[in-house]
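# Let me see the structure of the following:
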Amino acid sequence: MQQDKLTTHQIVLRHLRQAYPRWVPAHELVKLETEWGFTGIDGDRRARELATNDERVRPEWHNYVERADGTDIGEDKRFAYFRFVPRVTMQAMLDWFNALPAKEKARGH
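Here you go, the predicted model:
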């Protein structure tokens, strides 16, 4: 059974998630070969679209990538950098709380 080919947006998003919390320079996303596929020459452009919640990005992928200039984060000032932004859902928090032992819940921790 053949797996569906991932879009460049998906490849970039997965790469940034794997690299978290490291800031990834834009030029590193160009012609990037990953276990999920190849970004080609548009990797940096797709990261920028993810970071700005561009209309070409599926809504469920919004707010998962942030962009910063190198000078703002203490990196090389010549480059823009991207990183994954983890989002915790309410369901994930409830699952974590429900998995705690009863005595931990009683203490409020």
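# And the residue nearest the centre of the protein?
The centroid of the chain falls nearest to Phe84 when counting by C-alpha atoms, centre = their mean (2.9 Å).
# what's the longest helix in the protein?
helix 8-19 (DSSP state H).
# In PDB, list the C-alpha atoms belonging to that helix.
Output of helix 8-19 as PDB, limited to C-alpha atoms (Å, rounded to 0.1, in the frame of the first residue of the first chain):
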ATOM      1  CA  THR A   8       5.900  20.800   1.100                       C
ATOM      2  CA  HIS A   9       3.900  22.500   3.900                       C
ATOM      3  CA  GLN A  10       3.600  19.200   5.700                       C
ATOM      4  CA  ILE A  11       7.300  18.300   5.200                       C
ATOM      5  CA  VAL A  12       8.400  21.700   6.600                       C
ATOM      6  CA  LEU A  13       6.000  21.400   9.500                       C
ATOM      7  CA  ARG A  14       7.200  17.900  10.500                       C
ATOM      8  CA  HIS A  15      10.800  19.000  10.100                       C
ATOM      9  CA  LEU A  16      10.400  22.000  12.400                       C
ATOM     10  CA  ARG A  17       8.500  19.900  14.900                       C
ATOM     11  CA  GLN A  18      11.300  17.400  15.000                       C
ATOM     12  CA  ALA A  19      13.900  20.200  15.400                       C
END
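# contacting residues around that helix?
6, 24, 29, 32, 34, 36-40, 42-43, 46-47, 49-50, 56-58, 61, 64-65, 82-84 (C-beta atoms under 8 Å, 6 or more residues apart in numbering). In this view, the C-beta of every residue, glycine as well, is placed from N, C-alpha and C.
# Pull up the gap between His9 and Phe97, please.
33 Å (C-beta to C-beta, to the nearest Å).
# neighbour count winner among the two?
Using other C-beta atoms under 10 Å, the more surrounded residue of His9 and Phe97 is His9, with 21 against 10.
# what residue ranges in the protein score low on pLDDT?
For the chain, applying pLDDT under 70 flags the ranges 1-3, 102-109.
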